[in-house]
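Colleague: Give the three-dimensional model of this entry:
(one chain, ligands or ions: 1)
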Amino acid sequence: LLKVGILGLQGAIQEHVQAVEECGVQAVIIKNVEQLVDLDGLILPGGESTTMRRLLDQYHFVEPIQAFAQSGKPIFGTCAGLILLAKKINGTDEVHLGLMDVVVERNSFGRQRDSFEADIAIAGLTNSMTAVFIRAPHITEAGENVEVLAKYDGRIVAVKEGSLLACSFHPELTDDHSLTNYFIEMIRKTQSARQM
Ligand code: GLN
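Modeller: Have a look, this model is predicted:
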């Protein structure tokens, strides 16, 4: 059985565990660096990126997660997780993991729309899925190797770059697990590529 870790420092952890399990895969909550070794993929949940960063530093996660990505193992960042993955965050010089060639803007859908649901299409996956946005970031620039998977209101909200997947919204908060499944398929592909 594939083993998917959910970074368990802060945020919407349990909902991801449930989504992963409902996809028929083992889910493990990751609270320390030693647990990363036998994972096949890692999910960085939504929550609050500055708090998460503080905890990443406190538990010495930054370099091990970067090494995890460099080893080719897939990572899926959702909402705050996308902010952690980005190479640049608008309006600040601070970078967290800096793994994905995207620029993000935090809390970019306006205060009166703190949270909302929208129907979006994901390229190559589904024409219609409900996306839950909660103080969501969006992607203002995507590098040339970044595949844009979804837009909402003309703004990029889901991307893939090699073995990295990220979205602005919370895919774990609905019963539609197609994006979680897509990530699991990415893991399967990297594994069969490795065995060849
Ligand atoms: N606004 C949050 C941040 O900047 C992200 C919100 C979320 O993950 N739902 O970290």
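Colleague: Only C-alpha atoms from now on, for both contacts and neighbour counts.
Modeller: Will do.
Colleague: beta partners of the residue nearest the centre of the chain?
Modeller: Nearest to the mean C-alpha position of the chain, by C-alpha atoms, centre = their mean, lies residue 77 at 1.2 Å. With DSSP bridges as the criterion, residue 77 is bridged to residue 44, residue 166.
Colleague: Next, the contact list for it, please.
Modeller: 43-46, 83-85, 164-167 (C-alpha atoms under 8 Å, 6 or more residues apart in numbering).
Colleague: which among those gets closest to residue 26?
Modeller: When those are compared for distance to residue 26 (C-alpha to C-alpha), residue 43 wins out at 12.6 Å.
Colleague: quick one: average confidence on stretch 183-196?
Modeller: Across stretch 183-196, pLDDT averages out at 88.
Colleague: Buried residues, that stretch. List them.
Modeller: 183-184, 186-188, 190 (16 or more other C-alpha atoms under 10 Å).
Colleague: Out of the contacts of residue 77, flag the one nearest to the ligand.
Modeller: Of all those, residue 46 has the smallest distance to the ligand: 3.4 Å, by C-alpha to the nearest ligand atom.
Colleague: How many residues are close by the closest one?
Modeller: Counted with other C-alpha atoms under 10 Å, the neighbours of residue 46 add up to 28.
Colleague: try the one 4 residues further on
Modeller: For residue 50, the tally of surrounding residues (other C-alpha under 10 Å) stands at 14.
Colleague: Could you tell me whether it really is in a helix?
Modeller: Yes: under DSSP: H, G, I helix; E, B strand; the rest coil, residue 50 sits within a helix.
Colleague: Using TSV, lay out the buried residues of stretch 183-196 together with distance to the ligand.
Modeller: Converted to TSV, these look like this (distance: C-alpha to the nearest ligand atom, whole Å):
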residue	distance to the ligand
183	18
184	21
186	22
187	23
188	26
190	27
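Colleague: wait, what's in contact with residue 60?
Modeller: Listed by C-alpha under 8 Å, 6+ apart, the contact partners of residue 60 are residue 33.
Colleague: That one belongs to a helix?
Modeller: No: checked against three-state DSSP, residue 60 lies outside a helix; its state is coil.
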